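Enquirer: give me the fold of what follows.
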Amino acid sequence: MPETSVKSLLNETTTVELSPGYEGANIGTIIGFKHVNYLVEKAVIEHFRRSGLPVGRLYEQHGLGFDVTDIDSRLQTALVVDDQASIAVVPTTKDGADALSFKVTITVERDGAPKKAVVSKVSVQLRLDDNDVRMLRRLPVPEGLEAFVTARIGGAERGPAAPDVSGDALLSGGCAETDEVLEQLTAGRNAYGWKFRIPYPYVHFFDRLQMSGYLRLMEEAKHRFVDARGISIRGLLAERNWIPAVTHSRVTLLDEALLEEDLYVVYTVEDIFKNLLYTSRLDTYVVRDGHLVQTSTGTITHAYGVVENGSEGRLVTFDDRVLAALAGQDAPTA
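Expert: Numbers count the residues shown, from 1 in each chain. Okay, the predicted model is just below:
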């Protein structure tokens, strides 16, 4: 790889034009937060490629797996399926850092003028694959990248002891809404949790849950929570044409979660602001050697909106029923 590649990666701005995936248009023609974050990740991958360090080659030649370990995105304007978004990736890595960092800005055209839609902060580490069966040879780490290579993502301290779990083991992709560990994790909290056996479609580099998998779980957690509280997404759409809208999301990896491990996912509502926004925390855990180990944490801020004609949206204020459901209180009687 050229000697200038790492210098370019750490210093030069890349601007790329990308369009969102059609799968992400689940709100009329508006792209959901998960696919917005996919665009951010894709832009950073393109920055690596244009710098002369394509992420596929980093793994194939050096055994270095590209992993987004933190993504923090604020959504200012909705993206729609027809957008050709201009995405600027600005390196922000500080001296002495053990992760590469970037500021990513997505700009779209509205009414004939550019409009800032999303601003994200992203951290990336290069995870060394030390499996000598899979990696028969490895070239040395490119000079200048050594500080950003890790033998393991995170490395969280083990938490409290976990109770023994009774019942049948889950199959890959299977879920359970009750067991002794979930009861411990959700006790005394305005939370909903479930257990999820990590399936192959959620992992990369053979065995570890990747950022996109956590984003999928964050989206699912919202749906499960409101469904459990009697204000399901389908229900509010049918009754009022209300749909969840995300203004901010963040996910941080704290440790590795592995293929076919049981992942405990806990979604906790923390703040409700002026009957217009609410912020929730998402935490995930595995049980290892009888103790809980936290593998990620994150936050997401939601509103409710009404979308008409595919992309014309406006926010609505929460009524008493929705407020009670979010707060874990009994719904008011008529």
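Enquirer: going by C-alpha atoms from here, please, whenever you check contacts or count neighbours.
Expert: Noted.
Enquirer: which residue ranges of the stretch 101-250 of the chain form strands?
Expert: Along the stretch 101-250 of the chain, the segments classed as strands by DSSP state E, counting those that start in this stretch run 113-128, 149-150, 175-176, 191-197, 203-204, 208-209, 242-253.
Enquirer: residues contacting the longest one, please?
Expert: By C-alpha atoms under 8 Å, 6 or more residues apart in numbering, the list of residues contacting strand 113-128 from outside reads 40, 63-79, 98-109, 148-153.
Enquirer: ok, 7 Å please
Expert: Residues outside strand 113-128 that contact it (C-alpha atoms under 7 Å, 6 or more residues apart in numbering) are 63-78, 99-109, 148-153.
Enquirer: quick one: buried residues of it?
Expert: 116-128 (16 or more other C-alpha atoms under 10 Å).
Enquirer: okay if I get the residues you listed as a markdown table plus pLDDT and distance to residue 197?
Expert: Shown next, in a markdown table, are these (pLDDT from 0 to 100; distance: C-alpha to C-alpha, whole Å):
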| residue | pLDDT | distance to residue 197 |
| --- | --- | --- |
| 116 | 97 | 38 |
| 117 | 97 | 35 |
| 118 | 98 | 32 |
| 119 | 98 | 33 |
| 120 | 98 | 30 |
| 121 | 98 | 30 |
| 122 | 98 | 27 |
| 123 | 98 | 27 |
| 124 | 98 | 26 |
| 125 | 98 | 25 |
| 126 | 98 | 26 |
| 127 | 98 | 23 |
| 128 | 97 | 25 |
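Enquirer: domain ranges for this structure, per the record?
Expert: Following automatic domain parsing, the chain resolves into domains at 1-151, 153-334.
Enquirer: show me the shaky parts of the stretch 1-150 of the chain.
Expert: Along the stretch 1-150 of the chain, the parts satisfying pLDDT under 70 run over 1-3.
Enquirer: now the helices for it?
Expert: Secondary structure of the stretch 1-150 of the chain (DSSP state H, counting those that start in this stretch): helices located at 4-11, 33-50, 55-62.
Enquirer: buried ones in the longest one?
Expert: Residues of helix 33-50 classed as buried by neighbour count (16+ other C-alpha under 10 Å): 33-41, 43-50.
Enquirer: now stretch 8-20
Expert: Neighbour counts over stretch 8-20 (16+ other C-alpha under 10 Å) mark 8, 9, 10, 13, 14, 15, 16, 18, 19, 20 as buried.
Enquirer: one more: stretch 222-241?
Expert: 222, 223, 224, 225, 226, 229, 231, 232, 233, 236.
Enquirer: same check on stretch 49-68?
Expert: Result for stretch 49-68 [16+ other C-alpha under 10 Å]: buried residues 49-55, 58-59, 62-68.
Enquirer: hmm, who's touching it?
Expert: 1-2, 5, 8-9, 45, 48, 123-129, 135, 138-141, 211.
Enquirer: what of stretch 28-47?
Expert: Here stretch 28-47 makes contact (C-alpha under 7 Å, 6+ apart) with 14, 16, 20-21, 24-26, 55, 78-81, 87, 89, 104, 215-216, 246, 310-311.
Enquirer: how does it look with 6 Å?
Expert: 14, 24, 25, 79, 80, 81, 215, 310, 311 (C-alpha atoms under 6 Å, 6 or more residues apart in numbering).
Enquirer: and which of those residues is nearest to residue 270?
Expert: Set against residue 270, the nearest of these by C-alpha to C-alpha is residue 215 (18.9 Å).
Enquirer: contacts only, for that closest one.
Expert: So residue 215 contacts residue 34 (C-alpha under 6 Å, 6+ apart).
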